[in-house]
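*Asks:* mind looking at a prediction? Sequence and model below.
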Amino acid sequence: MTATDRLKHATAIALIGDGIVGAVHPTHDAQFWKKGPAGWRRGMRWCQRHPNATRMFAIAQAGLALMWILHEERGVRNLFG
(Lines give C-alpha, C1' and ligand atoms only; values in the text may rest on other atoms or scores of the structure.)
Protein backbone atom coordinates (compact mmCIF):
# COMPACT_ATOMS: atom_id res chain seq x y z
CA MET A 1 0.00 0.00 0.00
CA THR A 2 1.42 3.35 -1.03
CA ALA A 3 1.36 6.61 0.89
CA THR A 4 -1.28 7.88 -1.57
CA ASP A 5 -3.48 4.87 -0.80
CA ARG A 6 -3.11 5.51 2.92
CA LEU A 7 -4.03 9.18 2.44
CA LYS A 8 -7.12 8.24 0.41
CA HIS A 9 -8.16 5.76 3.09
CA ALA A 10 -7.66 8.26 5.92
CA THR A 11 -9.58 10.94 4.00
CA ALA A 12 -12.49 8.59 3.37
CA ILE A 13 -12.60 7.58 7.04
CA ALA A 14 -12.58 11.25 8.10
CA LEU A 15 -15.41 12.01 5.66
CA ILE A 16 -17.45 9.08 6.96
CA GLY A 17 -16.94 10.18 10.56
CA ASP A 18 -17.81 13.80 9.84
CA GLY A 19 -20.88 12.68 7.90
CA ILE A 20 -22.11 10.60 10.82
CA VAL A 21 -21.55 13.44 13.29
CA GLY A 22 -23.32 15.84 10.92
CA ALA A 23 -26.27 13.48 10.58
CA VAL A 24 -26.60 13.03 14.35
CA HIS A 25 -26.17 16.69 15.35
CA PRO A 26 -26.22 18.93 12.25
CA THR A 27 -26.30 22.35 13.92
CA HIS A 28 -23.34 21.57 16.18
CA ASP A 29 -21.35 20.17 13.26
CA ALA A 30 -22.03 23.31 11.20
CA GLN A 31 -21.03 25.48 14.17
CA PHE A 32 -17.78 23.52 14.49
CA TRP A 33 -16.83 24.10 10.82
CA LYS A 34 -17.80 27.79 10.58
CA LYS A 35 -14.24 29.19 10.56
CA GLY A 36 -12.75 30.04 7.19
CA PRO A 37 -13.33 32.28 4.16
CA ALA A 38 -16.50 34.41 3.97
CA GLY A 39 -18.26 32.08 1.51
CA TRP A 40 -17.58 29.08 3.70
CA ARG A 41 -18.90 30.90 6.80
CA ARG A 42 -22.09 31.85 4.91
CA GLY A 43 -22.53 28.21 3.95
CA MET A 44 -22.11 27.05 7.52
CA ARG A 45 -24.63 29.64 8.76
CA TRP A 46 -27.06 28.31 6.16
CA CYS A 47 -26.43 24.78 7.43
CA GLN A 48 -27.16 25.88 11.00
CA ARG A 49 -30.49 27.37 9.92
CA HIS A 50 -31.45 24.27 7.88
CA PRO A 51 -30.60 21.25 10.05
CA ASN A 52 -32.65 18.74 8.03
CA ALA A 53 -30.94 19.70 4.77
CA THR A 54 -27.59 19.58 6.58
CA ARG A 55 -28.46 16.12 7.87
CA MET A 56 -29.22 14.93 4.33
CA PHE A 57 -25.93 16.37 3.01
CA ALA A 58 -24.09 14.66 5.87
CA ILE A 59 -25.70 11.29 5.14
CA ALA A 60 -24.82 11.69 1.46
CA GLN A 61 -21.23 12.59 2.41
CA ALA A 62 -20.84 9.49 4.55
CA GLY A 63 -22.46 7.29 1.92
CA LEU A 64 -20.29 8.59 -0.91
CA ALA A 65 -17.14 8.23 1.19
CA LEU A 66 -18.15 4.67 2.05
CA MET A 67 -18.71 3.92 -1.65
CA TRP A 68 -15.29 5.42 -2.40
CA ILE A 69 -13.52 3.25 0.18
CA LEU A 70 -15.35 0.12 -0.99
CA HIS A 71 -14.42 0.90 -4.59
CA GLU A 72 -10.77 1.31 -3.65
CA GLU A 73 -10.76 -1.96 -1.70
CA ARG A 74 -12.49 -3.81 -4.53
CA GLY A 75 -9.73 -2.65 -6.89
CA VAL A 76 -7.07 -3.96 -4.52
CA ARG A 77 -8.91 -7.27 -4.12
CA ASN A 78 -9.20 -7.70 -7.88
CA LEU A 79 -5.54 -6.89 -8.36
CA PHE A 80 -4.20 -9.28 -5.69
CA GLY A 81 -6.81 -12.03 -5.78
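*Replies:* Here it is on my side, so go on.

*Asks:* ok, M44 - contacts?
*Replies:* Counting by C-beta atoms under 8 Å, 6 or more residues apart in numbering, M44 touches 30-31, 33-34, 36. C-beta here means a position set from N, CA and C on the backbone, and glycine is covered the same way.

*Asks:* could you rerun that using 10 Å?
*Replies:* 29-36, 54 (C-beta atoms under 10 Å, 6 or more residues apart in numbering).

*Asks:* gap between it and G19?
*Replies:* Separation of M44 from G19 (C-beta to C-beta, to the nearest Å): 15 Å.

*Asks:* how about N52?
*Replies:* As judged by C-beta to C-beta, N52 and G19 stand 15 Å apart.

*Asks:* who has more neighbours, the two?
*Replies:* More crowded of N52 and G19, by other C-beta atoms under 10 Å: G19, with 22 against 8.

*Asks:* surely A62 meets G19?
*Replies:* Yes - taking contacts as C-beta atoms under 10 Å, A62 lies within contact range of G19: 2.8 Å.

*Asks:* quick one: low-confidence parts of the protein?
*Replies:* 74-81 (pLDDT under 70).

*Asks:* which stretches in it count as helices?
*Replies:* 3-24, 26-32, 38-49, 51-80 (DSSP state H).

*Asks:* nothing else from me, thank you.
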